[in-house]
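Asker: Provide a 3D model corresponding to the input given below.
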Amino acid sequence: MKGRLFATCLWLSAVLPCVCMAETGDARDVRVIRTAEQEPRAALLGQPSLALWKEKHLVAAYQLGIAGKTDMGSIDAVVSTDDGQSWSIPSTIFDSTERHGAMQFGYCNAVLYKPPGQEVLWCFAMRCPLNYADSEDSHLAAAYSGDGGRSWNPVELAMHYTGPLVILGEIQRIEEDGHPVYAMPAHRNTKRADPHGTREHFVLRSTSLMDWHLGGYVPLPKGREMFLHEGQIAVMDAKKGQLKMVMRTSTGVPEGKLMDGGALNPPRAWSSNSEDGGRSWSVAKEEPELWNTVSEAWYGRSGDGRLLYVYNDGPTFSRMALRYKVSNAYGVWGPERTFFDESIHNSYPTLIEVAPGEFRAVWDSGDAKRHRRAIRFGKLSLPDLKPAAP
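Answerer: The predicted structure is shown next:
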């Protein structure tokens, strides 16, 4: 009997993720779904993405980083069919050890997307030759799953934009003449390795998810030098093509180890709006209520019209606690709240809405000294806000 009990406990420890018993913050049911210790060839686990295949069936994708590289490696996926309580063993989406003739590729920044009404799940990512020092000069790669994230099939895209890019923000769907159009935020950072390169934020558009055209660039105020990157789009009106994008910021001026510059003064996210489905964008402006110190933040719109912003507070690149703010339907931001804080490193939150005001989230975390050692999952219910106009 004791032997059977021990065997059962051992099996449970292998298949069930670690539940964080002493959670701090409004994120609930927080658990670790994968750790770097479970991936002996991974130097880090990071930049996760999340998608809903069907009710309670979630798919999370994340990067397995290569030692000695900056944000480059393979991308795996795990599946939960019980709303995040337990997770499957990983399946491979993109494998950096696979050879393509004499070449190998590194991958980064998975973006999962399930088109409404379709039985297919897409994973987009960045791809660059493995001999590159970092992934800034990548191109778009894609794979799809027809079985809820359990297996993946790579595809080659029809790219009408062929320049380097970095992606991270979620794909958003709008309508034009009764047909779906998909918008994907992206940026270019060729200036890191080339003094005559550029740092630009833009949007790609597609009608099929297979072919991607350049939409519009985000202009900066005249005479202003800074680096806008890793934007997140919220759909304000899908049929009118009204979009708002909030972007991570930095000075763009190298400062020691900060190759793309430190935080702005004041350290704030910036935003831009589009009235034509991402073809053109307004001049970027500061968001006075939205903190940003060179860290990716998640921005989106709830089904009930409220806006949500999840971010790291603290100094440049500290990336410890995750905080969040919620706006009412009139765009007035409420107070700062704690999403998750256990005095460890946390970064790159991604959220999806499963019901109005009810979100599921993944992010990467570490310990008190190290970044990106695990992928965490949690749930968030938006707090009630006063509906009064400003």
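
Asker: use CA for all of it now, contacts and neighbours both
Answerer: OK.

Asker: was I right about residue 134 contacting residue 69?
Answerer: Yes: between residue 134 and residue 69 there is a contact under C-alpha atoms under 8 Å: 6.1 Å.

Asker: Spit out the contact partners of the nearest residue to residue 273 once chain neighbours are set aside.
Answerer: Take residue 273 and drop its neighbours on the chain: the residue closest to it by C-alpha to C-alpha, 6 or more residues apart in numbering is residue 244, 4.5 Å away. Applying C-alpha atoms under 8 Å, 6 or more residues apart in numbering, we find residue 244 in contact with 233-236, 271-274.

Asker: I'd like to know which of those residues is nearest to residue 29.
Answerer: residue 234 (26.1 Å; C-alpha to C-alpha).

Asker: That closest one: which element?
Answerer: Residue 234 belongs to strand 227-237 when assigned by DSSP states H and E.

Asker: counting contacts, what elements does that strand pack onto?
Answerer: Counting contacts by 3 or more C-alpha pairs under 8 Å, 6 or more residues apart in numbering; DSSP states H and E, strand 227-237 packs against strand 172-176, strand 179-189, strand 199-206, strand 242-250, strand 298-301.

Asker: Apply 6 Å and report the result again.
Answerer: Judged by 3 or more C-alpha pairs under 6 Å, 6 or more residues apart in numbering; DSSP states H and E, strand 227-237 is in contact with strand 242-250, strand 298-301.

Asker: For residue 149, which of the ones you listed is the nearest?
Answerer: strand 298-301 (22.8 Å).

Asker: State the next helix or strand along the chain beyond that closest one.
Answerer: Counting by DSSP H and E, what follows strand 298-301 is strand 307-312.

Asker: residues in contact with that next one?
Answerer: Identification of contacts with strand 307-312 by C-alpha atoms under 6 Å, 6 or more residues apart in numbering yields 297-301, 319, 321-327.

Asker: which one of those is nearest residue 263?
Answerer: Taking C-alpha to C-alpha as the measure, residue 263 lies nearest residue 319 of the contacts of strand 307-312, at 12.8 Å.

Asker: hang on, the closest one is in a helix, isn't it?
Answerer: No: membership of residue 319 in a helix is not supported by DSSP: H, G, I helix; E, B strand; the rest coil, which gives coil.

Asker: Let me see the contact set for it.
Answerer: Residues counted as contacts of residue 319 (C-alpha under 6 Å, 6+ apart) are 312, 345-347.

Asker: again, only using 8 Å
Answerer: 295, 312-313, 345-347.
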